[in-house]
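Chemist: Just the structure for this:
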Amino acid sequence: MRLPPVPTIGLLALAAGLRLGAAGTLGLHPAFRGPLGAEPWHRPPLLDWLTLLVAPGRRELVAVASGVLVVWLIGRLALRALGVRGALIAMAAAALSPALVQAGSWWSLQNLTVPLTAATALALLGALDRPERGRLAALFGLAALLAASDWTAWPPVLAWGIWLAAFRPHWLEPRTAHRVAAALFAGFAVAGMLYLLMSARGADPRGAMGWSSIPTGLPALQGHVDSIAALLAGRVRQLTPWARLSMALATAAVAVVGARRAQADAPTWTTALAAGSLGALAIALVIHPWIPVAVEKALWFMTPLVLCLGVAAISPPRACALGQTAPMRSRATLPFLLALALGGCDADEDGWTEAAGDCNDEAASVHPGAPEVWNDGVDNDCDGVIDDSADYRFVDEVEPNDVTLADCFAPSGQDLGDVAAFGLLNRLSGRIDSVVDESYVDGDLDCYVLRLPDDAGHPRLEVRLDWTNPDSDLDFAVQGLWEGEQSGFALADLPGPPPEVAITSSGFDGGAPLWLWIVGYTGEPTDYTVDLVLR
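Modeler: Numbers count the residues shown, from 1 in each chain. Okay, here's the model as predicted:
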């Protein structure tokens, strides 16, 4: 699924114009007019280093570029769960949000923490989808940069790590959750080394935060209320206390409503954004005596997450305005109208509209180029043919492949390599050329070695054995590793004519080896086929 280019470019241009205008009005804050890289570092110098690389003489250009990047990142983040319409609405809101206009138009610490938070959230979701080494390394790097960008950027990194390590949701495998949490904590540890270096060179966290004394009690609570109110509205100190409290409650309520509406269709996305924002706030309330975050604009790093949850309140997943009633049409903002003009409504939000060739706009697994899932009775790739794909694997047995049962357990046998990806057909053709009735010891026993793809997740394996002679009886079994020892995971030994079907009793780790053996139990020699599908 991709962002449509025309409205995306238009919204980024709008964001750049607003931020350039604000940069001309605000100028550089006096606190940041000193020499770049000056010591001692009262704040992490990442923004200094970035500015030195890009435009040391025009720091506002760095700020504006970062502010425009945030709008695009928020679009990518919203696209994960809210589809094209939700992403465009989120980008429009981000382009206009006073908090993001201000954070993206003047050279400040928030100018760096806001895009890093959105980028880290994206990397987190990618690592939860597929905890590959490259994705975990990207998450580690971004978490380290986020935690090192500002003292107040610790809470989201800690919140995500604690969520995965201590409160892992049931739909996440323990191994995945722990690997992702380890990447987050490792990134935080690397950032911690930078803070230790800063402290050793005379840095003062309170001075970096602009505090001469740490607030407690009612002033600290008022600071948190101001920060929540300022998440989307920007600077709010000029408003009355009751107005700020109302804005804070409204912001929290919209985020909660959005999280509830998105939970059913996008649980990982919803929980990750909620943990990063609400969890960050909870940690901030606990640790503010040491890292005082109760200041206006100090929680702006949560704005991308809260804004996406807020958009989910008005544009939940799987929604489509085409053909809906008037209340839904009233939400069809200018970005959504632009999306409609570029190709109509994408009801299932798989990146394809009916006008673009989607043959079933109510199923996200059906669109041109989708994997053709075997034996589901659906034309997944919209090519007009059911269960026909160039991605299916067809393998013929290589003779001789005659081993004993003990040798198959050893293991030996024909190596088939990696099986095809989730839902795709692997068809194996072979022959049992001798049968000794009611014996698994004598006769022709065929053994195959196969491996699951590294990115397969934790699937089960569906096996279907068919043979040509209905008077014969063939059986099969699937072996795998359990705690380092080879063990049985599926067996099909029913008497009678073909076929025989079994599904492994447990899922397997990606890259794990499996052994499949096939033997004739009674009858005459016969040809056979085996269909293997990851489910």
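
Chemist: Does the residue nearest the centre of the chain belong to a helix, a strand or coil?
Modeler: Geometric centre of the chain, nearest residue: Leu125, 2.1 Å, by C-alpha atoms, centre = their mean. Under the three-state scheme (DSSP: H, G, I helix; E, B strand; the rest coil), Leu125 adopts helix.

Chemist: Over to Leu428?
Modeler: Under three-state DSSP, Leu428 falls in the strand class.

Chemist: Spatially nearest residue to it, not counting backbone neighbours?
Modeler: Excluding its sequence neighbours, the residue lying closest to Leu428 (C-beta to C-beta, 6 or more residues apart in numbering) is Val530, at 4.3 Å. To be clear about C-beta, it is placed using only N, CA and C from the backbone, and glycine gets the same treatment.

Chemist: Kindly report the same for Gln102.
Modeler: Nearest one to Gln102, counting by C-beta to C-beta, 6+ apart, is Gly234 at 5.0 Å.

Chemist: what's the answer for Ala255, then?
Modeler: Residue nearest to Ala255 in three dimensions, not counting chain neighbours: Leu309, with 4.3 Å by C-beta to C-beta, 6+ apart.

Chemist: what packs against the helix or strand the one you found falls within?
Modeler: According to DSSP states H and E, Leu309 maps onto helix 303-314. If you count contacts as 3 or more C-beta pairs under 8 Å, 6 or more residues apart in numbering; DSSP states H and E, helix 303-314 packs onto helix 59-96, helix 98-103, helix 110-129, helix 217-233, helix 241-263, helix 267-287.

Chemist: now it against helix 110-129, angle please.
Modeler: 60 degrees (axes from the mean of the first three to the mean of the last three C-alpha atoms, to 10 degrees).

Chemist: Extract the CA atoms of helix 303-314 and return them as PDB.
Modeler: The C-alpha coordinates for helix 303-314 follow below in PDB (Å, rounded to 0.1, in the frame of the first residue of the first chain):
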ATOM      1  CA  THR A 303       2.200  14.200  18.800                       C
ATOM      2  CA  PRO A 304       2.600  11.800  15.900                       C
ATOM      3  CA  LEU A 305       1.200   8.800  17.900                       C
ATOM      4  CA  VAL A 306      -1.700  10.700  19.400                       C
ATOM      5  CA  LEU A 307      -2.500  12.400  16.100                       C
ATOM      6  CA  CYS A 308      -2.800   9.000  14.400                       C
ATOM      7  CA  LEU A 309      -5.000   7.700  17.100                       C
ATOM      8  CA  GLY A 310      -7.100  10.800  16.900                       C
ATOM      9  CA  VAL A 311      -7.600  10.300  13.100                       C
ATOM     10  CA  ALA A 312      -8.600   6.700  13.900                       C
ATOM     11  CA  ALA A 313     -11.500   8.200  15.900                       C
ATOM     12  CA  ILE A 314     -13.000   9.800  12.700                       C
END
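
Chemist: Okay, angle between that helix and helix 59-96 too, please.
Modeler: 20 degrees.

Chemist: for the residue nearest to Ala255, what are its contacts?
Modeler: Neighbouring residues of Leu309 by C-beta atoms under 8 Å, 6 or more residues apart in numbering: Val254, Ala255, Val256, Gly258, Ala259, Ala262, Thr270, Leu273, Ala274, Ser277.

Chemist: would you turn those residues into JSON lines with neighbour count?
Modeler: Below are the contacts of Leu309 laid out as JSON lines (neighbours: other C-beta atoms under 10 Å):
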{"residue": "Val254", "neighbour count": "19"}
{"residue": "Ala255", "neighbour count": "26"}
{"residue": "Val256", "neighbour count": "15"}
{"residue": "Gly258", "neighbour count": "25"}
{"residue": "Ala259", "neighbour count": "23"}
{"residue": "Ala262", "neighbour count": "27"}
{"residue": "Thr270", "neighbour count": "22"}
{"residue": "Leu273", "neighbour count": "30"}
{"residue": "Ala274", "neighbour count": "22"}
{"residue": "Ser277", "neighbour count": "29"}
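
Chemist: quick one on the thing from earlier: for Leu14, find the nearest of the helices and strands packed on helix 303-314.
Modeler: Among these, helix 59-96 comes nearest to Leu14, with 5.0 Å by C-beta to C-beta.

Chemist: Ranking helices and strands of the protein by mean pLDDT, which lands last?
Modeler: Within the chain, no helix or strand scores below helix 326-329, which has a mean of 32 by mean pLDDT, DSSP states H and E.

Chemist: And for Leu307, the neighbour number?
Modeler: Residues near Leu307, counting by other C-beta atoms under 10 Å, number 31.
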